[in-house]
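Trainee: Got a predicted structure plus its sequence, pasted below:
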Amino acid sequence: MLEARETIAMIAPDPTRTSPARSPSNARLTLLIALVLFALAAWPLLLVDLPPFQDLPNHVATAQIVAHPDLYPQYIFNGLFKSNCLLTLWFHLFGDHGLFGAARAFTALVLAVNALALPLFVLRFTGRRALPVATLFVWPLVHSFSVVMGFLNFAFAFAVALMLLVVLDRQRERPTLPRAVGVAALSGLLWYAHPFPLMVVAGLVALHAATRQTSRARLAAGLALLLPLAPALLLSLVSAQQHLIKAEHATTQAAGTFSFLTPWEIAAHFWTDVSGALTRWGSVTLIPALLLPMFAWKQRRVERQFLSLTAMVLLTIAYVGLPEMMSNWHYLNCRLVPFLWAGLALRLPTTLPRPVTIILALSAVLFSAVTGVDYARLDRDRAEFTAGIDAVPQRATLLPLLFRHSKTSDFIASLTHAWGFYTVAKNTSAPLVFAVERSYPITYRDFPPLALIPPALDRFAESRGTPAQVCKLLHQTPGDAACTVIWRDLWNGFWREAEPRFSHVLTWAIPTDARLLIPARYHRVFAAGDLEIYARDGAARGPPHLETP
């Protein structure tokens with residue numbers, strides 16, 4: 001513990017201190033705040049086998065496929081030396097002891113790194129006096145939206161990015177070769193976790209260097225700060241090329257697709273893309289989201305290294321101007337929101353009115369309690385979705401058709417990838433696994449029909465479950481007979497592709513209309529609640545279990 005405190009004091013000394021004797025107290029305060037933030041965010045992990053994060057079952061299923069290449073010859077493993085690969089490496093190292101346990105441990109690591117990085121960052125750039133107030137506003141960044149979406153590599157990388165800015169600020173003050181090596185190593189770790197935060201850090205550092213007053217100062221800042229980042233930035237260019245240039249026969253139509261948020265959505269995402277709430281009961285994160293800009297605005301002209309007023313304005317312009325989705329990469333501009341929160345937190349006052357302090361503290365405690373309840377609630381949804389595992393035989397070719405992607409969750413679609421539990425338990429096929437991009441851990445050796453892989457398959461059932469939904473997509477009058485004809489043709493075409501390839505079909509919340517179109521060769525072998533499982537004639541079946549919904 002003493003060594004940890006000394007390390008923290010070395011990385012992030014208090015800029016306002018007048019005596020080295022205060023360093024240990026800074027370290028103790030940082031560790032205490034980190035421990036509190038971690039405890040508030042991590043205790044719900046004790047309640048479930050796998051956290052109810054949207055994409056996490058997909059990542060676990062990917063790890064199952066990577067670990068059993070003989071059972072999944074249709075996929076190619078893309079290796080461990082690539083960006084956005086930290087979770088894959090973690091499963092490779094620790095997955096043998098249980099994929100669910102490894103996923104929980106990695107989640108705990110992500111929460112711990114964020115809980116430590118935030119007070120380190122604030123302490124370095126604002127000083128000790130501002131740390132307690134900033135903590136009352138940054139706690140949503142620990143159990144954040146990136147975490148509950150299952151973007152664990154990005155969430156880890158965000159924390160590393162804050163730590164990298166801390167080390168870069170020390171390098172700015174007094175450049176040394178050992179510290180430059182440390183910057184290069186930390187930026188390499190950041191690239192390995194996720195390239196996006198690295199690009200944000202590089203942009204902030206480049207802006208800092210470009211705004212020095214003399215050409216000599218600009219050159220010195222560039223050499224001291226940007227040169228150590230160069231190796232990781234070159235690797236990031238390779239990663240971008242891997243993602244933007246699609247594999248042959250991949251879903252290339254997504255490469256040129258762009259999606260932008262409306263002005264209202266841009267404002268709302270400032271809250272939702274930080275808040276780690278799973279249901280509406282966790283909406284207390286709205287309190288710091290509303291108060292943070294109000295209190296930071298009063299000190300908007302306060303300058304901070306790397307996150308100056310100019311930098312904050314440019315980050316805001318990038319957030320507003322960048323697309324939400326580009327080249328099949330969703331939540332692109334939204335990944336800037338945590339950096340905007342961090343920058344605003346550096347402009348908070350050192351004291352708050354007592355009622356505001358009490359409200360912010362209570363909101364953090366209430367959010368922690370609600371999150372635990374929501375973990376248990378969403379785990380019950382998962383249990384209902386996976387109740388048919390015994391009805392599915394080993395190595396079945398299973399087609400998941402989700403007509404609704406959640407049950408009780410509000411801010412994430414928690415059941416989107418719950419099919420992954422079937423892949424882990426029974427080594428079933430995984431048509432919704434992340435395998436269509438060269439930047440993913442795995443890709444298809446031979447791509448299936450585009451209708452049977454993402455992005456087409458994952459939303460097909462949800463958006464075309466009834467003729468009325470097709471009418472809405474076509475902007476036709478509800479009840480138009482032509483919509484029914486088109487809807488039926490869509491499903492008939494889909495089943496022509498799917499029926500020969502899948503021995504079993506899993507449906508969730510299927511409407512009566514869509515159920516009637518399931519080919520006659522499929523017979524229902526399981527039904528409970530919203531879950532139904534069908535087996536094709538001649539397919540192996542698990543133990544019979546049929547409950548009329």
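Mentor: Looks like it came in fine. Numbers count the residues shown, from 1 in each chain.

Trainee: Show me what the strand or helix carrying residue 220 is packed against.
Mentor: If you go by DSSP states H and E, residue 220 is part of helix 215-221. Judged by 3 or more CB pairs under 8 Å, 6 or more residues apart in numbering; DSSP states H and E, helix 215-221 is in contact with helix 195-210. (Glycine included, C-beta is placed from N, CA and C.)

Trainee: Please list the outside residues in contact with the helix it packs on.
Mentor: The contact list for helix 195-210 (CB atoms under 8 Å, 6 or more residues apart in numbering) reads 83-84, 154, 157-158, 160-161, 164-165, 168, 172, 187, 190-191, 218, 221-222, 225-226, 229, 232-233, 235-236, 239-240, 305-308, 310-311, 314-315, 335-336, 339.

Trainee: Restricted to strands, list those.
Mentor: Judged by DSSP state E, the contacts of helix 195-210 include no members of strands.

Trainee: Those residues, buried ones only, as a PyMOL selection?
Mentor: Buried residues among the contacts of helix 195-210 (16 or more other CB atoms under 10 Å), as a PyMOL selection:
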select buried, resi 83+84+154+157+158+160+161+164+165+168+172+187+190+191+221+222+225+226+229+232+233+235+236+239+305+306+307+308+311+315+335+336+339
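
Trainee: Please spell out which residues along the biggest helix by length in the chain are buried.
Mentor: Longest helix of the chain, by residue count under DSSP state H: helix 354-385. Of all the residues in helix 354-385, those buried under the rule 16+ other CB under 10 Å are 356, 359-360, 363-364, 367-368, 370-372, 374-375, 377-379, 381-382, 384-385.

Trainee: ditto for stretch 119-136
Mentor: 119-128, 130-136.

Trainee: before we move on, what about stretch 499-513?
Mentor: Of the residues in stretch 499-513, those buried (16+ other CB under 10 Å) are 499, 502, 503, 504, 505, 506, 507, 508, 509, 510, 511, 513.

Trainee: quick one: which of these is nearest to residue 443?
Mentor: Of all those, residue 443 sits closest to residue 502, with 20.5 Å by CB to CB.

Trainee: Need the three-state assignment for the nearest residue to the closest one once chain neighbours are set aside.
Mentor: Leaving aside its chain neighbours, residue 502 sits nearest to residue 399 (3.9 Å; criterion: CB to CB, 6 or more residues apart in numbering). Taken by DSSP: H, G, I helix; E, B strand; the rest coil, the conformation at residue 399 corresponds to strand.

Trainee: so what's residue 399 up against?
Mentor: Neighbours of residue 399 in contact, by CB under 8 Å, 6+ apart: 429, 431, 498, 501, 502, 504, 505, 506.

Trainee: What about those residues, which are in helices?
Mentor: residue 498.

Trainee: Dump the contacts of residue 399 to a markdown table, plus pLDDT and distance to residue 449.
Mentor: Listed next are the contacts of residue 399 as a markdown table, based on pLDDT from 0 to 100; distance: CB to CB, whole Å:
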| residue | pLDDT | distance to residue 449 |
| --- | --- | --- |
| 429 | 96 | 14 |
| 431 | 96 | 10 |
| 498 | 96 | 9 |
| 501 | 96 | 9 |
| 502 | 97 | 12 |
| 504 | 98 | 18 |
| 505 | 98 | 16 |
| 506 | 98 | 19 |
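
Trainee: Residue 41: which of the contacts of residue 399 is nearest?
Mentor: residue 506 (32.6 Å).

Trainee: gap between that closest one and residue 457?
Mentor: 13 Å (CB to CB, to the nearest Å).

Trainee: again with residue 66
Mentor: Counting by CB to CB, the gap from residue 66 to residue 457 is 21 Å.

Trainee: and what of residue 100?
Mentor: With CB to CB as the criterion, residue 100 and residue 457 are 25 Å apart.

Trainee: Of the two, which one has the most company?
Mentor: residue 457 (20 against 17; other CB atoms under 10 Å).

Trainee: For the more buried one, give me phi and psi.
Mentor: phi -70, psi -40 (degrees, to the nearest 10).

Trainee: likewise the one 4 residues further on?
Mentor: Recorded main-chain torsions at residue 461 are phi -70, psi -40, according to degrees, to the nearest 10.

Trainee: Is it correct that it is in contact with residue 405?
Mentor: No: here residue 461 lies out of contact with residue 405, judged by CB atoms under 8 Å, at a distance of 9.5 Å.

Trainee: quick one: average confidence on stretch 480-490?
Mentor: In this model, stretch 480-490 has an average pLDDT of 93.

Trainee: Only alpha carbons, please: show it as CSV.
Mentor: Extracted in CSV, the C-alpha atoms of stretch 480-490 (Å, rounded to 0.1, in the frame of the first residue of the first chain):
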residue,chain,number,x,y,z
ASP,A,480,-52.2,-0.9,-46.7
ALA,A,481,-52.6,-4.3,-48.4
ALA,A,482,-49.5,-3.8,-50.4
CYS,A,483,-47.5,-3.7,-47.1
THR,A,484,-48.7,-7.2,-46.3
VAL,A,485,-47.6,-8.5,-49.7
ILE,A,486,-44.2,-6.9,-49.3
TRP,A,487,-43.9,-8.2,-45.7
ARG,A,488,-44.7,-11.7,-46.8
ASP,A,489,-42.3,-11.6,-49.7
LEU,A,490,-39.5,-10.4,-47.4
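
Trainee: Next, count neighbours for residue 290.
Mentor: Residue 290: 11 neighbours (other CB under 10 Å).

Trainee: What of the one 10 residues further on?
Mentor: As a burial measure, residue 300 scores 11 neighbours (other CB under 10 Å).

Trainee: Same question for residue 458.
Mentor: By other CB under 10 Å, neighbour count at residue 458 equals 18.

Trainee: any weak-confidence spans in the stretch 151-300 of the chain?
Mentor: 243-257 (pLDDT under 70).

Trainee: where along it do the helices fall?
Mentor: Under the criterion DSSP state H, counting those that start in this stretch, the stretch 151-300 of the chain carries helices at the ranges 152-173, 177-193, 195-210, 215-221, 230-244, 263-272, 286-297.

Trainee: roughly how far is the first one from the heart of the chain?
Mentor: Think helix 152-173. For helix 152-173, the separation from the chain centroid amounts to 18 Å (computed by CA atoms, centre = their mean, to the nearest Å).

Trainee: The last one too?
Mentor: Averaged C-alpha coordinates place helix 286-297 at 24 Å from its chain's average position (CA atoms, centre = their mean).

Trainee: Now do that helix against helix 263-272, angle only.
Mentor: Counting by axes from the mean of the first three to the mean of the last three CA atoms, to 10 degrees, helix 286-297 lies at 100 degrees to helix 263-272.

Trainee: Tell me the buried residues in helix 286-297?
Mentor: Buried residues in helix 286-297 (16+ other CB under 10 Å): 287, 288, 289, 291, 292, 295, 296.

Trainee: Helix 354-385 and that helix, what's the angle between them?
Mentor: Interaxial angle, helix 286-297 versus helix 354-385 (the same axes, to 10 degrees): 140 degrees.

Trainee: Show me what helix 286-297 packs onto, helices and strands only.
Mentor: Partner elements for helix 286-297 (3+ CB pairs under 8 Å, 6+ apart): helix 131-138, helix 263-272, helix 337-345, helix 354-385.

Trainee: Can you tell me which of these is nearest to residue 281?
Mentor: helix 354-385 (4.8 Å).

Trainee: what angle separates that closest one from helix 131-138?
Mentor: Going by the same axes, to 10 degrees, helix 354-385 makes 40 degrees with helix 131-138.

Trainee: Please give the centre-to-centre distance between helix 354-385 and its chain.
Mentor: That offset, for helix 354-385, works out to 19 Å (CA atoms, centre = their mean).
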